[in-house]
Each structure stands twice: as structure tokens, then as C-alpha cells.
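Enquirer: model this:
(2 chains)
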There are 2 protein chains.
Amino acid sequence: MKTQSSSQKAISFAVGITPGEVIDAYGVGKVVASGNPRFEKDDLVVGVITWGEYSVVKEGTILNKLDSMGFPETYHLGVLGFSGLSAYGGFFELCKPKKGEKVFVSAASGSVGNLVGQFAKLFGCYVVGCAGSKQKVELLKEKLGFDDAFNYKEETDLKSALKRYFPDGIDIYFDNVGAEMQEAAVANMNAFGRVAVCGVMSEYTDAGKRAAPDMLDVVYKRITIRGFLAADFMNVFADFISTTSDHLRSGNMQAVEYITPGLENIPSAFIGLFRGDNIGKTIVKIAEE
Amino acid sequence: MKTQSSSQKAISFAVGITPGEVIDAYGVGKVVASGNPRFEKDDLVVGVITWGEYSVVKEGTILNKLDSMGFPETYHLGVLGFSGLSAYGGFFELCKPKKGEKVFVSAASGSVGNLVGQFAKLFGCYVVGCAGSKQKVELLKEKLGFDDAFNYKEETDLKSALKRYFPDGIDIYFDNVGAEMQEAAVANMNAFGRVAVCGVMSEYTDAGKRAAPDMLDVVYKRITIRGFLAADFMNVFADFISTTSDHLRSGNMQAVEYITPGLENIPSAFIGLFRGDNIGKTIVKIAEE
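Expert: Numbering: from 1, shown residues only, chains lettered A, B, ... in the order given. Model prediction:
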């Protein structure tokens, strides 16, 4: 099966990778031969595929036929895949936003963050994102419709920075990074504020770099901090696909992709995720159609 | 109005107390004179009353007539008051327990903790509490029906201690202390675990002593950490009173009170809360009926 793969929120980063070991990724591929009556030659499929030009997918692996619905296949790994579902489910199901609420997104140009911001804006929230470069900040403000955005690397005091961007407080914080940013967001949160913890970039690369939000704020402002995985939202998958594909077709939403060609570039693309190289969804394209 | 007062979860601890200043508390009293048609002489009342032998309660202050329902007046400050409502609302409304779930309570001999444990046991959960003395631990195990209890001061590694008491993991952690205990509880939590943050004893006395739970656990185990105040549960107040008074009358629940007599002992009783002197609800009795 020919594949293009994408790394998912993967705890496997924490374990060592042994040369020659088979590494799974979530990818799109085309069937070249099938011993399973569910699949025929030339079917497009999406699911858990090992990283490689050709993969043998065993019985019991998550794999489904893919209807591309006229979108590029890569969309089904990002905006219409688990990144999109994380953003949609995490924002709508977990944060239960109200129109006009103030939303802060960290790693806002990342695969999930950029979609949270776009969903939140289309829903009628006020949205500010942070990212790690001037180029990313410009993308958020100029192409993706964020109300405002800032480069966290230029801020010496995150708590004051958020106070500046949210003079009336934060209602929802979509957290992709953890650590000091979460602490600063909690400190700036309104009563009944919600923190959806989607990713913990700070801890992926340094286990000692933990968030220590002030629990007095959590109590007195009745804040909820909650973790989730995209798979928790399979019950809204159909709604998510329908809403998102409508937004994409009407041009109200943009798919932001960071495509690296070639099997040999998997390691650098993967490491790049933790260096902040990517803008949007990181995808390794192993073969053309 | 003659009063007996009780300190509530009070952020005012953080502000200095100026000699001569009027300090509010939540208390029970008897009306000696009234200019308000809602109250008559000799009515029992409960609400926000300044600490003192006699208080003038101004229009607009939270004050209600009290039907003692045959219970000692002090019960309406503890087990049938805001401590009870914190325990009942925090446990049932926020944690949404299922029978058989594993519940951990910190400061379990405190005013709220002891009631959470009792509610949880009566509901059908497995309950372990921690407290700071042998006497408190014995009370939990021998009088209040906890499945197990331990003295956290005798443990050098809280994470391992909780692993020992919860070999199958914790489903609900009712947190009255924050800091390392919260970190250890989160580390031992099962998928979809819930942390109800009721109090933050560690931070009341040392603002730098914050909890830094591992957000990777929060994400991958979909943990919810949520703060609350008793006042959030006024919608279940009637249920709470009815359930709790039934349990008290049948002898299934115990009211644990730590009563200090005399106006002059208010400061020491208050400070004692932060030293762990009290077992159960701290009440200062200023006048007898």
C-alpha cells in the first residue's frame, strides 16, 4: 500500500526508536493488493499504517476506506482528520463555548491550534493566539482571522502579556504547551473558565517543565482543567466532517499544511515538530498518486 | 443577636486583619431585636454575621431564619451547612461518582473531607483518606467507616503510598490540600479520573507551594481538575438537607465538630485550622442558648 503518513499525538516519542523497528503512523494510502474483502485494489484508505513506501496492514489494525470528498488526501490527515477532530471536539464538546467568549490558543499555528482558532472565530468568539515566530503570528492575524496574536518568545512576562491581550479575562484556554503558559492563562482566567489540555509541548521535551497553576485561582474562579484525546469525540465525527467540509468549500476555513517529501525525511520532520519548524499540520509525503 | 460563628473557606485570610475591624463569619444566632418584618425576637437565624457576642446585621446581608429540625444549632454550620454542601455538591455534582469507584480524600478528618468520605461510603464507593495524626486516622477508620486511612506525615513518598492504597488506581480525588498530594493523586489516577479541588491548604500558608500535576497524565488519562465553591450548589440544597438529615437521624452519618468556647479564642481557633488542630468542623461558640 502506498502511503503518506502523519505523526499523531504520540506517546511513543518518549520511548526509544530501535533501528529496524516498525513505527506506526496515521496515514492515507492506496491499496495495491488486498486479502480482505473490505478493501479492493486502488481503494484509498486511511488509518494506522507503518511508516514506509509500502506497508502490510494486518487484520485488527484501524483502517478504513477513505472518501476524499473532492479534497486533497492530505486534508484527511489534518483538517479533516484527527487534528481537526481534536480541535472540533476539544473546543465545542469540552469547552462548550458561548458566542462572544474570549478564547486563547497556544501553539496557535500548529496542526490543532490553527483549527481551534478558526472554529472559534467562525462560532463568534474573540480569539488570540500565540506562536513562536513573526511569520507564524502574521499567518494567524492575516490569513486565519485571529483577532490578535503574539510571539511568546518576545514576551518576558507571560502573565502581563495575557493581561494586555485579554483586559477582560480569558474564558477558554486551548492548551497545547503546558508549563508557564498554562500558569499565566489560569492567572488571567474569568470565573468558570475552562482549560482544554490537548498537548504538552513543554513536557514532551523536558519532563521537569511542568505547569503549576495556582489552585487558589482554580477554586475561587471555579476553573476546569481537562485533558482529552481526539478518539474521545468519535460520537461527533459526522458533525465534525460535515461542518468542516462546508467551511472549507465556502472558503471560510483554511487548511494549513507543512508537507515534507520523502521517506528519508521522516526523522527530521518528526524532530521539527518539537523545534517548532512546522506551520500547520506536519505531513510526510512518501509517494505521489 | 447572639451568635456562634464558624470560619468559611475565606480568601480574607490572605488580607491583613486590622485591630478593631469588623470580620464576617458564617454563623447561627438568635434574634434579640429586629427592625425587619422577616425576623422576630427569638427567631433562630443563620448567615453572614460579624464575629461577636452581639451583632447588628444590616439589610442586604445573607441571613435566613433557621429551622433546626431537631438538630443542634452547630450542625447547621457544619454537616447541614456549607461544609456539608461543599462535600455533597463537590462529590455528587462535580465528581459524578459511580458505585464501586475508588475515592481518595485528603484532609479527610477536616470539616468537608470527613463528610465526603462518609457520603462516598454510603453511596457505595471504596474510600481512603489521609490526615496528619494517628488520632485522626483512627477516627476515619474506626468511627467514620473509611475503608482505609493513613498519616501522610509518616510517608516519605506520597506517590508510592497512594499506589499501595490504590493498587487499581484512583477514580476520584477530593482535594483539600493541593501541592504534592495532588501531584501524587494525579499520577495514580485512572482514565477519566476527576479531581475536585475544594481547598488548597498548602497554598493558604505558603503561596509558593503549588501543585504541578503531570499534564501528560492529564491528557492521556483524560483527567479533569476542577475547582468549586459551595455556593455553586444552591440548586441541590434541598436534596442535600433531606439526604443528610435522613443519614444523621438513622445514625449512618456522624457530625464531627471541634468546638472552641469564647469570643477571645477566635484567633487561636482560626490559626488552628492551618496547623491542623481541628478534627471536623471548627466552631467558636460565643454564647449558650
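
Enquirer: flag every residue of chain A that's near chain B.
Expert: Residues of chain A lying near chain B by C-beta under 8 Å from any C-beta of the partner chain: A:9, A:11, A:175, A:178, A:182, A:197-200, A:203, A:210-229, A:232. For the C-beta atoms, the positions are set from N, CA and C on the backbone; glycine is no exception.

Enquirer: okay, now the unreliable bits of chain A?
Expert: Residues of chain A meeting the criterion pLDDT under 70: A:1-23, A:289.

Enquirer: mind listing the strands for it?
Expert: A:2-6, A:24-30, A:44-50, A:63-65, A:102-105, A:126-131, A:148-151, A:170-175, A:189-197, A:224-227, A:257-261, A:281-285 (DSSP state E).

Enquirer: just the buried ones out of the residues of chain A next to chain B, please.
Expert: Neighbour-count burial (16 or more other C-beta atoms under 10 Å in any protein chain shown) applied to the residues of chain A next to chain B gives A:9, A:175, A:178, A:182, A:197-200, A:203, A:210-229, A:232.

Enquirer: need the contact list for the spatially most central residue of chain A.
Expert: Residue closest to the average C-alpha location in chain A (C-alpha atoms, centre = their mean): residue A:112, at 2.1 Å. Contacts for residue A:112 (C-beta atoms under 8 Å, 6 or more residues apart in numbering or on different chains) come out as A:83, A:86, A:87, A:90, A:176, A:198, A:199.

Enquirer: same question for residue A:198.
Expert: Going by C-beta under 8 Å, 6+ apart, the list of residues near residue A:198 reads A:9, A:86, A:90, A:112, A:174, A:175, A:176, A:227, A:228, B:219.

Enquirer: in TSV, list the residues you listed along with distance to residue A:264.
Expert: Output for the contacts of residue A:198, formatted as TSV (distance: C-beta to C-beta, whole Å):
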residue	distance to residue A:264
A:9	24
A:86	28
A:90	33
A:112	27
A:174	34
A:175	34
A:176	28
A:227	34
A:228	34
B:219	31
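
Enquirer: closest to residue A:286 among those residues?
Expert: residue A:9 (20.7 Å; C-beta to C-beta).

Enquirer: setting aside sequence neighbours, what's the nearest residue to residue A:213?
Expert: For residue A:213, ignoring the flanking residues on the chain, the nearest one in space by C-beta to C-beta, 6 or more residues apart in numbering or on different chains is residue A:186 at 3.9 Å.

Enquirer: follow-up on the earlier one: closest to residue B:134 out of the strands of chain A?
Expert: strand A:224-227 (34.5 Å).

Enquirer: give me the distance from the closest one to the chain's centre.
Expert: 17 Å (C-alpha atoms, centre = their mean, to the nearest Å).

Enquirer: which outside residues touch it?
Expert: Here strand A:224-227 has contacts from A:94, A:182, A:186, A:192-198, A:213, A:218, B:215, B:217-227, using C-beta under 8 Å, 6+ apart.

Enquirer: over to stretch A:149-159?
Expert: So stretch A:149-159 is contacted by A:106, A:108, A:128-134, A:136-137, A:140-141, A:161, A:165, A:180-181, A:183-184, A:187-188 (C-beta under 8 Å, 6+ apart).

Enquirer: buried subset of those residues as a ChimeraX selection?
Expert: Here is the ChimeraX command that selects the buried residues among the contacts of stretch A:149-159 (16+ other C-beta under 10 Å):
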select /A:106,108,128,129,130,131,132,136,137,140,141,161,165,180,181,183,184,187,188
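
Enquirer: coming back round to it: buried only: go through the contacts of residue A:112 for me.
Expert: Here, 16+ other C-beta under 10 Å leaves A:83, A:86, A:87, A:90, A:176, A:198, A:199 buried among these.

Enquirer: the nearest residue to the second one once chain neighbours are set aside: neighbour count?
Expert: Spatially, and ignoring its direct neighbours in sequence, residue A:86 is nearest to residue A:230 (4.2 Å; C-beta to C-beta, 6+ apart). Residue crowding around residue A:230 was assessed by other C-beta atoms under 10 Å in any protein chain shown; the count is 23.

Enquirer: residue A:103 is in contact with residue A:125, correct?
Expert: Yes. Residue A:125 sits in contact with residue A:103 when judged by C-beta atoms under 8 Å, with a separation of 4.6 Å.

Enquirer: so what sits against both of those two?
Expert: Residues within reach of residue A:125 and of residue A:103 at once, by C-beta under 8 Å, 6+ apart, are A:97, A:172.

Enquirer: those two: who's more crowded?
Expert: Ranked by neighbour count (other C-beta under 10 Å), residue A:125 and residue A:103 place residue A:103 first, with 27 against 22.

Enquirer: can you report phi and psi for residue A:111?
Expert: Dihedral pair for residue A:111: phi -60, psi -40, per degrees, to the nearest 10.

Enquirer: look up how far chain B lies from it.
Expert: From residue A:111 across to chain B, the span is 15 Å (C-beta to the nearest C-beta, to the nearest Å).

Enquirer: dump the residue contacts of that residue.
Expert: A:78, A:83, A:278, A:280, A:281, A:282.

Enquirer: now do 7 Å
Expert: A:78, A:83, A:280, A:281, A:282 (C-beta atoms under 7 Å, 6 or more residues apart in numbering or on different chains).

Enquirer: could you do residue A:132 as well?
Expert: A:151, A:152, A:153, A:276.

Enquirer: most neighbours of all those, which one?
Expert: residue A:152 (20 neighbours).

Enquirer: as a quick check, tell me the outermost residue of chain A.
Expert: Most peripheral residue of chain A (C-alpha atoms, centre = their mean): residue A:35, 33.9 Å.

Enquirer: backbone dihedrals for that one, both of them.
Expert: phi -110, psi 10.

Enquirer: what's the distance between it and chain B?
Expert: 34 Å.

Enquirer: look up how far residue A:50 lies from that residue.
Expert: 17 Å (C-beta to C-beta, to the nearest Å).

Enquirer: what's the answer for residue A:215, then?
Expert: Taken as C-beta to C-beta, the span from residue A:215 to residue A:50 is 43 Å.

Enquirer: for residue A:24, same thing?
Expert: Distance of residue A:24 to residue A:50, computed by C-beta to C-beta: 6 Å.

Enquirer: mind listing the residues bridging to the spatially closest residue to residue A:219 that is not a sequence neighbour?
Expert: Spatial nearest neighbour of residue A:219, excluding adjacent residues (C-beta to C-beta, 6+ apart): residue B:227 at 3.9 Å. Counting by DSSP bridges, residue B:227 forms beta bridges with residue B:197.

Enquirer: same thing with residue A:283?
Expert: With DSSP bridges as the criterion, residue A:283 is bridged to residue A:259.

Enquirer: what number of residues lie near it?
Expert: Residue A:283: 26 neighbours (other C-beta under 10 Å).
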